[in-house]
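J.: Attaching a predicted model along with its sequence, questions to come.
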Amino acid sequence: MNFTATQRERLLELGCPKAETDRNFLDAGTRNKTFALLEKQFARETKERIRSLFSGERQPSLSVLRERLSAELIKNGFTRVETPTVISKEFLRRMSLDSEHPLNNQVFWIDANRCLRPMLAPNLYYISKSLLNVCEKPLRVFEIGSCFRKDSSGAAHMEEFTMLNLAEWGTELEARQSRIRELAALVMKASGIADYAFETEESTVYGETLDVMCGGLELGSSSMGPHPLDAAWGITDSWVGIGFGLERLLAAREKNGTIRAYGRSITYLDGSALNVK
Ligand code: ATP
Ligand code: MG
């Protein structure tokens, strides 16, 4: 027999490796005893990790990753922007997210005309149009911030997650593919992930995209232009762009299946469950 569903969930929550939670037992007594021992061990380790945060040894990894990615991109000629979380219906329409679109069902509406952004691209498109009137190309810009999508459950989806979206406007046409790989490599290196691969995917927003994958988990999706969406934003330049989920980057690096532990939360702090005593 195996651990009960509740026992298994508790052990996983405490950071017990999945293989341990798949163990087989001859009888319930041995199983329950093993559970109690493992729970105690992993709860102790969890408490130690939480205490080490508050002793100032380190900061939560989502904050650290945000700053590391930021520093690395800035070093490579990018400028960081911060744009509003609330966007207009018109911006979604310009991204082709009309009522027929699958992502449309995942949008959190505030009222008839405004929603919580499900992606960073609309605001980046909008401000880049203005920036391109003022700055030399290539123009390199990025944002790191919360995005919101409904019906996002399971080990790889959250309703609120942290996206990094970078864009380079004015990339040489022939260099776009290699530039995407170069920029993805930069993000992977800064995230401490070595075992990633590229995969071609069909995106409902961008058409064909080159995705960055790690052990079956999509870490990021890239795209390039000139693109049919550009016209709605008045943009005619060539470009490359990639969007990464920071919680997925952390789960991939830590080899911990659940991204929930790394996101904005009141039940987890930096991958550690807070319901320990
Ligand atoms: P998936 O197919 O895995 O649902 P997606 O292709 O819809 O993801 P994109 O629109 O390409 O996602 O967003 C870029 C990145 O943002 C994804 O590669 C992923 O890392 C992250 N991401 C997207 N949705 C979520 C979510 N609900 N929770 C956490 N991260 C997400
Ligand atoms: Mg994608």
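T.: Looks like it arrived, so ask away. Note that the structure is predicted; figures quoted are calculated from it, not measured. Residues are numbered from 1 along each chain as shown. Ligands and ions are numbered 1, 2, ... in the order given.
J.: any idea which helix or strand comes after whichever strand or helix holds R8?
T.: Element membership of R8, judged by DSSP states H and E, is helix 5-13. Sequence order places helix 18-21 as the next helix or strand after helix 5-13, per DSSP H and E.
J.: Name the surrounding residues that touch that next one.
T.: Here helix 18-21 makes contact (CB atoms under 8 Å, 6 or more residues apart in numbering) with 3, 8, 11-12, 38, 257. (Each C-beta comes from the backbone N, C-alpha and C, glycine too.)
J.: And the helix holding R8, how far out from the chain middle?
T.: For helix 5-13, the separation from the chain centroid amounts to 25 Å (computed by CA atoms, centre = their mean, to the nearest Å).
J.: which other helices and strands contact that helix?
T.: Judged by 3 or more CB pairs under 8 Å, 6 or more residues apart in numbering; DSSP states H and E, the packing partners of helix 5-13 are helix 18-21, helix 28-54.
J.: And it, what's buried?
T.: Residues of helix 5-13 classed as buried: 7-8, 10-13 (neighbour count, 16 or more other CB atoms under 10 Å).
J.: mind putting those in JSON lines, distance to ligand 1 included?
T.: Formatted as JSON lines, the buried residues of helix 5-13 follow (distance: CB to the nearest ligand atom, whole Å):
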{"residue": "Q7", "distance to ligand 1": "27"}
{"residue": "R8", "distance to ligand 1": "23"}
{"residue": "R10", "distance to ligand 1": "24"}
{"residue": "L11", "distance to ligand 1": "24"}
{"residue": "L12", "distance to ligand 1": "18"}
{"residue": "E13", "distance to ligand 1": "19"}
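J.: Taking the contacts of helix 18-21, tell me the two that lie furthest apart.
T.: Spatial extent of the contacts of helix 18-21 (CB to CB) is set by the pair L38 and G257 at 17.2 Å.
J.: the more surrounded of these two?
T.: Neighbour totals were compared for L38 and G257, and L38 leads with 19 against 16 (other CB atoms under 10 Å).
J.: mind listing what the more buried one touches?
T.: Counting by CB under 8 Å, 6+ apart, L38 makes contact with 11, 16, 20.
J.: Kindly report the same for R68.
T.: Taking CB under 8 Å, 6+ apart as the criterion, R68 is in contact with 190-191.
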